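Please find the sequence and the predicted model below.
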Amino acid sequence: MTSPNRGIVVISGGSAANNLVDVFDAIRESKECSLSYVIPISDNGGSSSELIRIFGGPGIGDVRSRLVRLIPDSPVNPEKKAIKSLFNHRLPAEALAASQQWLSIVDGTSVLWNAITPAKKELIRSFFNLLNLEILKRARPPSSTFDFTSASVGNLFLTGARLFSGSFESAIYLLGSICGVDSDNVRVIPAINSNFSHHISATLADGTIIVGQNSISHPSESTPLGQAHKTRRPSLLLADGDDFEDTDPSDLSDTVYEEDHLPGSLATLRNKNIAFSKAKNEDLPSRISRIWYINPYGQEIRPPANPRVLEALNDAQAIIYSIGSLYTSIIPAIVLRGVGRSILASPARHKILILNGSLDRETGPPSQAFSASDFVEAITRAGEESRGSRSARSQLHNDSHSATENTRSNHTIPYNSYVTHILHLDGPGTPYVDRERLTEMGIETLRLYGRKITTNADGQEVVIGMQYDSKALIQALEVVLGKKGDAMVRGGVGSGLGRRNTLDPPRREKR
C-alpha cells in the first residue's frame, strides 16, 4: 500500500488570494494531494471589528471568505448557490435598514432563505438566534449596542457557532460542512487556534509604532495613520491612547469597556473599524520593519502557532506564499512560534512566493518601494524571529536600509530555506525583480504574462498593476513542482506551453 502524497500548504490572507482558489485547486488535483490554507486571525477591520468589540474572539473575516469561496458550484443544486449567497451577504450600510434585515434573517422571513431546504434553514437559524440572544444580553443602551451596519452574515454565523461550541475550529468545521467544502482534501486552518483576540502592531523604520491590523493596512478615514506612537518601546505602549499629560482626566471617567475587553486595554483595539477604504490611503512615513503580536495592553507577546499549521508544514511537498498584503496577510502567520522551525524542517523542496501584481501601502512608500528581494528578506526575518533568532530581531529594530545591509553581510540567514522560487508579473505597478540579488540568494525566478489592471483618473484610463492569468499561473506552478518535467523548462518560452509566451524559464542559481 503506497502512502498518500504529501500536501500543499498555502499561506495567505483573504480577498486577494480568493482569486487564486481555482488555481490552487487545479494544482491539488494534478498532484493528487491535500491542500491546506493557513490564514491569520489578526484582522480587526470591517464587520469583524464590531464582533471583536462586543464578543472578543479572533478576527474571522478572512477565514469565512475562504470557506465561502470554496463552496463548489453546482448548476443542478440551487441550494448551494443560495447558501453561498447567504453567507456572502452583507447587511445594508444604513443602521436601521441593517437591523431590520438582520431580524428578517433571524425570524426566517428573508428572501435569502427561499432556495434553502427547511432542514438546513432551521439548523443555520438556530445559530443566528443564539447570537441574537447574546447580542441582546450584552446591550447597554444607549452607550453600548451592536452595530449591524455592513455586517457579514457569514461572520455572524461563525460567531454564533463559536459561542455555542466554545471552539473556533468547531465553528469552521460546521460552516464547511454546511457549505459542502471537501474537508478531506481542502482544509482552512486558522494560524492561531484561539477563542481570544490576537492583534498585531507594526514598527516602522523611523520608530513609529502602529497598533492594529486595520490601522496598518487600510485605516479608517478618521485616523489615517491609526494609533501611532513615535519611538515608544513596544512594552511601554500606554493603554487608552496618548500620554497622561496629554489626556483630559474627565475623558477617562467616560471610558466604556465592553464585557469582552479588559479595563485599561488599548483604545484603538476597542474602536469600530467598520468603514474604511482599501483604494485611497496615505503612504506610511517609512517602511515597515517589524510585525509583532500584542496583548490588550499593547505589550509584546509571542503566541504559538496552531498545532494543525505545524502538522501541515511538517508534511508538505510544497509551501506557497500567496498574493496578498505582505505584512498583514503573510507575516502574521510566519512570525508565530514554531512556524519558522517547521518551514526549515519541512520536507517541502519547493517554497514558492507568488509576488503581488502591484505595490500597496505596506510595501511603500513609493520612494522606498519593495523589490522582490525585500519580500524575501521580510519573510526570512519573520521566520528567523519565529525561531527566536536574536540577530533577526536586532536587525528589525534598525533602519530598513541599514538592516538590509546588515542582513546581506550576515550569511547565516538561509534565504532559500524559506523561499526557493518566485513567480512574478512584469508590467506597470509591479514590484521590481532584482534578479542578480535573487540569484545570490539562491532563488529561481519565473516571469509570467498577465492582464493589466486599470482605473479611471480624471477621465483617463491609468494602469495601476497587473493581474495573473489563471492558466499561465497553473502552468508555472506545474513547471516548478515537476508536473511536466524539466524538458519544458529547458525548452524556454513557448516550448510546449500551448499558448503564447505564458512564462519565462526559471533563472537558476549560479554555481
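Sure, I can see it. Owing to the predicted nature of the structure, the values given are computational and were not obtained by experimental measurement. Numbering: from 1, shown residues only.

In three-state terms, label Ala312 for me.
With DSSP: H, G, I helix; E, B strand; the rest coil as the basis, Ala312 sits in helix.

OK, contacts around it?
7, 9, 36, 38, 187, 189 (CB atoms under 8 Å, 6 or more residues apart in numbering). Heads up, the C-betas are built off the backbone N, CA and C, glycines and all.

Just among the residues you listed, which is most surrounded?
With neighbours taken as other CB atoms under 10 Å, the top of the contacts of Ala312 is Val9, carrying 28 neighbours.

Now do the same for that residue: its pLDDT.
pLDDT for Val9: 98.

How about Ile453?
85.

Pro263 now?
On the pLDDT scale, Pro263 is placed at 64.

now swap in Arg270 and tell me
Arg270 carries a pLDDT score of 66 in this model.

so of the contacts of Ala312, which ones are in strands?
7, 9, 36, 38, 187, 189 (DSSP state E).

What is the nearest of these to Ala348?
Nearest to Ala348 among the ones in strands among the contacts of Ala312 is Val9, at 7.6 Å by CB to CB.

Is it correct that Arg451 is in contact with Met466?
Yes: the criterion here is CB atoms under 8 Å, and Arg451 meets it with Met466 at 6.9 Å.

quick one: which of those two has more around it?
Applying other CB under 10 Å to Arg451 and Met466 shows that Met466 carries more neighbours, namely 22 against 13.

quick one: the more buried one from Pro75, how far?
32 Å (CB to CB, to the nearest Å).

just to revisit the earlier point, of all the ones in strands among the contacts of Ala312, which comes closest to Ala205?
Val38 (27.6 Å).

Can you tell me the closest non-neighbouring residue to that closest one?
Spatially, and ignoring its direct neighbours in sequence, Val38 is nearest to Ile11 (4.8 Å; CB to CB, 6 or more residues apart in numbering).

can you list the residues that contact the helix or strand hosting Ser126?
For Ser126, the host element (DSSP states H and E) is helix 118-138. For helix 118-138, contacts defined as CB under 8 Å, 6+ apart pick out 54-55, 79, 83, 86, 102, 105-106, 108, 113, 116, 144, 146, 156-157, 159-161, 163-164, 178, 258-259.

Narrow these to those that are buried.
54-55, 83, 86, 102, 105-106, 113, 116, 146, 156-157, 159-161, 163-164, 178, 258 (16 or more other CB atoms under 10 Å).

Looking at these, which are in helices?
When DSSP state H is applied, the buried ones among the contacts of helix 118-138 are split such that 54-55, 83, 86, 102, 105-106, 156-157, 159-161, 163-164, 178 fall in helices.

Pull the most distant pair out of these.
Ile54 and Ile83 (25.6 Å).

Is it correct that Ile474 falls within a helix?
Yes: read with three-state DSSP, Ile474 is one of the residues of a helix.

ok, now which ones touch it?
Counting by CB under 8 Å, 6+ apart, Ile474 touches 23, 26-27.

Over to Ala345?
For Ala345, the contact set (CB under 8 Å, 6+ apart) comprises Asn314.

Just the pLDDT for it.
95.

So what sits opposite the residue nearest to Val38 in the bridge?
Val38, Tyr321 (DSSP bridges).

For His199, state which of the ones in helices among the buried ones among the contacts of helix 118-138 is nearest.
The nearest one, if we look at these relative to His199 and count by CB to CB, is Phe55, at 15.0 Å.

Centre-most residue in this structure?
Gly13 (2.1 Å; CA atoms, centre = their mean).

For Gln101, see how far away that one is.
Taking CB to CB, one finds Gly13 at 28 Å from Gln101.

Equivalent analysis for Ile334, please.
Ile334 is 39 Å from Gln101, by CB to CB.

So for these two, which sits in the more crowded spot?
Neighbours per residue (other CB under 10 Å) separate Ile334 from Gln101, with Ile334 holding more: 26 against 20.

tell me which element the residue nearest to that one when sequence neighbours are not counted falls in.
Excluding the flanking residues, the one nearest Ile334 by CB to CB, 6+ apart is Ala382, at 4.2 Å. Here Ala382 sits within helix 372-386, counting by DSSP H and E.

between that helix and strand 7-11, how big is the angle?
Orientation check (axes from the mean of the first three to the mean of the last three CA atoms, to 10 degrees): helix 372-386 against strand 7-11 gives 100 degrees.

and helix 372-386, what does it pack onto?
helix 331-334, helix 339-345, strand 350-354, helix 390-396, helix 400-409, helix 415-418, strand 421-425, helix 435-441 (3 or more CB pairs under 8 Å, 6 or more residues apart in numbering; DSSP states H and E).

Worst mean pLDDT among these?
Minimum mean pLDDT among the helices and strands packed on helix 372-386: helix 400-409, a mean of 42.

ok so Met466 is a strand residue?
Yes: assessed with three-state DSSP, Met466 lies in a strand.

Just list whatever residues bridge to it.
Lys452.

Could you find the closest non-adjacent residue to Pro347?
Pro347's closest residue in space is Arg6 (CB to CB, 6+ apart), at 6.5 Å.

And the pLDDT for the one you found?
So Arg6 comes in at 93 (pLDDT).

re earlier: just the contacts of Ile474 now: which is nearest Asn295?
Nearest to Asn295 among those, with distances taken as CB to CB, is Val23, at 37.5 Å.

Enumerate the positions of the strand or helix carrying the closest one that are buried.
Using DSSP H and E, Val23 maps to helix 21-31. Neighbour counts using 16+ other CB under 10 Å place 21, 23-28, 31 of helix 21-31 among the buried residues.

where in the stretch 1-150 of the chain is pLDDT low?
Along the stretch 1-150 of the chain, segments meeting pLDDT under 70 span 1-4.

so what's the closest residue to Leu70 other than its chain neighbours up against?
Leaving aside its sequence neighbours, Leu70 sits nearest to Val181 (CB to CB, 6+ apart; 4.7 Å). Neighbouring residues of Val181 by CB under 8 Å, 6+ apart: 67, 70-72, 188.

Check Val181 and give its pLDDT.
Value listed for Val181 in the pLDDT field: 92.

can you check Gly166 too?
So, for Gly166, pLDDT stands at 95.

what do you get for the one 5 residues further on?
Note for Ala171: predicted pLDDT of 97.

so it makes contact with Ser165?
Yes: Ala171 lies in contact with Ser165 (CB under 8 Å); the separation is 6.1 Å.

With neighbour numbers in mind, choose between the two.
Between Ala171 and Ser165, counting by other CB under 10 Å, Ala171 is the more crowded of the two (26 against 15).

For Ser150, see how far away that one is.
For Ala171, the distance to Ser150 equals 21 Å [CB to CB].

can you pull out the helices in the stretch 201-350 of the chain?
All helices of the stretch 201-350 of the chain, identified by DSSP state H, counting those that start in this stretch, fall at 213-217, 249-252, 307-313, 331-334, 339-345.

Output those in TSV; the columns should cover distance to Phe127.
Putting these into TSV (distance: least, CB to CB, whole Å) gives the following:
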stretch	distance to Phe127
helix 213-217	26
helix 249-252	38
helix 307-313	23
helix 331-334	27
helix 339-345	32
